[in-house]
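Chemist: give me coordinates for this.
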Amino acid sequence: MSYWKSIGLALFAAVCLLSETFSSAHAQGIFATEWSGGTATKLASPGDSRALGINDAGVVVGTGDVGDFRFETALEWNGGAAIDLGGLPGSERSIAGGINNAGQVVGLSSDTATEWSGGSIINLGGLPGFTISATAGINNAGQAVGNSLVGPNNHPTEWSGGSIIDLGLPQGFLSGEAGAINDSGEVVGDVESSLLDGAPRATEWSGGSIINLGGLPGSTGSSADGINDAGQAVGVSTVGGVDVATEWSGGSVIDLGGLPGSTGSSAVGINEAGQAVGFSIVGGVDVATEWSGGSVIDLGGLPSFTTSAAQAINDAGQVVGYSDGLVPESSTWAMMLFGFVGLGVLALRRKRKLTSEAAHRAAAPGPICRAVLYSGDFKMSLKVTPFLVSGAFQ
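Modeler: Alright, predicted model coming up:
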């Protein structure tokens, strides 16, 4: 075979390699994502991951697959690689759901409320008689909120100064969950008259009082998932069987709407400027959404994404959450560079050997679950999807 024919074949092989690279050598799955300056960026992680919280320093927490058959491990992103936070002794899974400006992280490990602080993993426990507990949010004073399962029912719970406090339930309600707390100690979440089939009602706990936040006109249920220091809360109201992103501010209940053409929406986080984030349902899939200054903003997702959701926003306007999509594997680009540099050598030797590694393709996630995790009869206020966390989900 002539030298030039060898070159031609090598060039043809390079084109085939490029085609294969873009069709199969991208990692496909769902990934922790940060939106900043109009760009969606995948946060480094060895496998599928979700970002669930961010503080004002830009430190991100969440959960993901770190290998070794550990598919649900609390993670932290701080200026680069994902850090495995681990869990309580003997834990098989852990989730980091919130972080404050001091770097204290809260979540769940071994079905028990857990805090990661100063290099220590702290068992926060739960209310007397609890069987499962979880923390979902923490303020800058180190007060954390979440749930304790006592008997068959959830109890909204606060951990503060070494004490574990039952926030209480309105008369006639059997269960509830606390999802967020601001620096004034105001807590929001929801309560239900029945654990499995009762419609939730957005609720605030403040100064010893339990306040019914209600919902949009005609709503049959509501839930508050985030609150800022001004007392603005965000969440969702169910109207005519459709979830609608909702804000509670100054005694008013505000319909935040969704992206154009959306058939539903949910807001799950809010910063001190009143910017809220969550997702809208467009064409049957979730799309990360921001509500800011009266505008509804499509945050999009990673390249070739089909579903995305924003989970938290800090005071700098950095947004985190997760998105599916196709992301090039680092080994792919190294292989391409080697192929082009060695092209002449391969031709002169009149032989070629093209190799590629099939990308890992994760199963497509189901619809995003709004801030609820079930484990047995336990309902935990963490913003996760059924694709990530095992167990039964709504």
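Chemist: okay, CA-based contacts and neighbour counts for the rest of this
Modeler: OK.
Chemist: who does the nearest residue to Ser49 once chain neighbours are set aside bridge with?
Modeler: Distance criterion C-alpha to C-alpha, 6 or more residues apart in numbering; nearest residue to Ser49, sequence neighbours excluded, is Gly64 at 3.8 Å. Legend: beta-bridge partners of Gly64 under DSSP bridges are Ser49, Thr73.
Chemist: Gly64: how many residues sit nearby?
Modeler: 30 (other C-alpha atoms under 10 Å).
Chemist: what residues are up against it?
Modeler: By C-alpha atoms under 8 Å, 6 or more residues apart in numbering, the contact set of Gly64 is Ser45, Gly47, Asp48, Ser49, Arg50, Phe71, Glu72, Thr73, Ala74, Leu75, Leu388.
Chemist: adding distance to Pro260, write those out as CSV.
Modeler: As requested, those are exported to CSV (distance: C-alpha to C-alpha, whole Å):
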residue, distance to Pro260
Ser45, 33
Gly47, 33
Asp48, 29
Ser49, 28
Arg50, 26
Phe71, 35
Glu72, 34
Thr73, 36
Ala74, 35
Leu75, 34
Leu388, 29
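Chemist: quick check, nearest of those to Gln311?
Modeler: Arg50 (9.3 Å; C-alpha to C-alpha).
Chemist: I'd say the closest one and Glu72 touch.
Modeler: No - counting by C-alpha atoms under 8 Å, Arg50 sits too far from Glu72 to count as a contact (9.9 Å).
Chemist: hmm, which helix or strand of the protein has the shakiest average pLDDT?
Modeler: When the helices and strands of the chain are scored by mean pLDDT, DSSP states H and E, helix 343-348 comes last with a mean of 26.
Chemist: can you give me the strands in the stretch 251-394 of the chain?
Modeler: Taking DSSP state E, counting those that start in this stretch, the strands of the stretch 251-394 of the chain run over residues 252-255, 262-270, 276-282, 285-292, 295-300, 308-313, 319-328, 373-375, 378-380.
Chemist: and the second one with strand 319-328, angle?
Modeler: Calculated by axes from the mean of the first three to the mean of the last three C-alpha atoms, to 10 degrees, strand 262-270 forms an angle of 120 degrees with strand 319-328.
Chemist: low pLDDT regions in this protein?
Modeler: Scanning the chain for pLDDT under 70 picks out 1-27, 67-71, 194-197, 326-394.
Chemist: grab the nearest non-local neighbour of Ala96.
Modeler: Nearest residue to Ala96, sequence neighbours excluded (C-alpha to C-alpha, 6+ apart): Gly107, at 4.4 Å.
Chemist: so the one you found is in contact with Arg93, correct?
Modeler: No - assessed by C-alpha under 8 Å, Gly107 is found out of contact with Arg93, at 10.9 Å.
Chemist: show me what contacts the nearest residue to Trp159 once chain neighbours are set aside?
Modeler: Take Trp159 and drop its neighbours on the chain: the residue closest to it by C-alpha to C-alpha, 6+ apart is Ala144, 5.1 Å away. Ala144 makes contact with Val106, Thr135, Ala136, Gly137, Ile138, Glu158, Trp159, Ser160, Ile181 under the criterion C-alpha under 8 Å, 6+ apart.
Chemist: put the buried members of the residues you listed into a ChimeraX selection.
Modeler: Buried members of the contacts of Ala144, defined by 16 or more other C-alpha atoms under 10 Å, are picked up in ChimeraX with:
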select :106,135,136,137,138,158,159,181
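Chemist: quick check: the two most widely separated of the contacts of Ala144?
Modeler: Among the contacts of Ala144, Ala136 and Ser160 lie farthest apart (C-alpha to C-alpha), at 13.8 Å.
Chemist: count of neighbours near Asp298?
Modeler: Using other C-alpha under 10 Å: Asp298 sits among 17 other residues.
Chemist: which strand or helix spans Val188?
Modeler: Secondary structure from DSSP states H and E places Val188 in strand 187-192.
Chemist: helices and strands around that strand, which ones?
Modeler: Judged by 3 or more C-alpha pairs under 8 Å, 6 or more residues apart in numbering; DSSP states H and E, strand 187-192 is in contact with strand 175-181, strand 201-206, strand 219-227.
Chemist: most tightly packed of those strands?
Modeler: strand 175-181 (a mean of 31; mean count of other C-alpha atoms under 10 Å).
Chemist: output the contacting helices and strands for that strand.
Modeler: By 3+ C-alpha pairs under 8 Å, 6+ apart, strand 175-181 packs against strand 130-138, strand 144-150, strand 153-160, strand 187-192, strand 219-227.
Chemist: could I get those strands in CSV, plus columns for distance to Ser175?
Modeler: Shown next, in CSV, are those (distance: least, C-alpha to C-alpha, whole Å):
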stretch, distance to Ser175
strand 130-138, 13
strand 144-150, 9
strand 153-160, 5
strand 187-192, 5
strand 219-227, 13
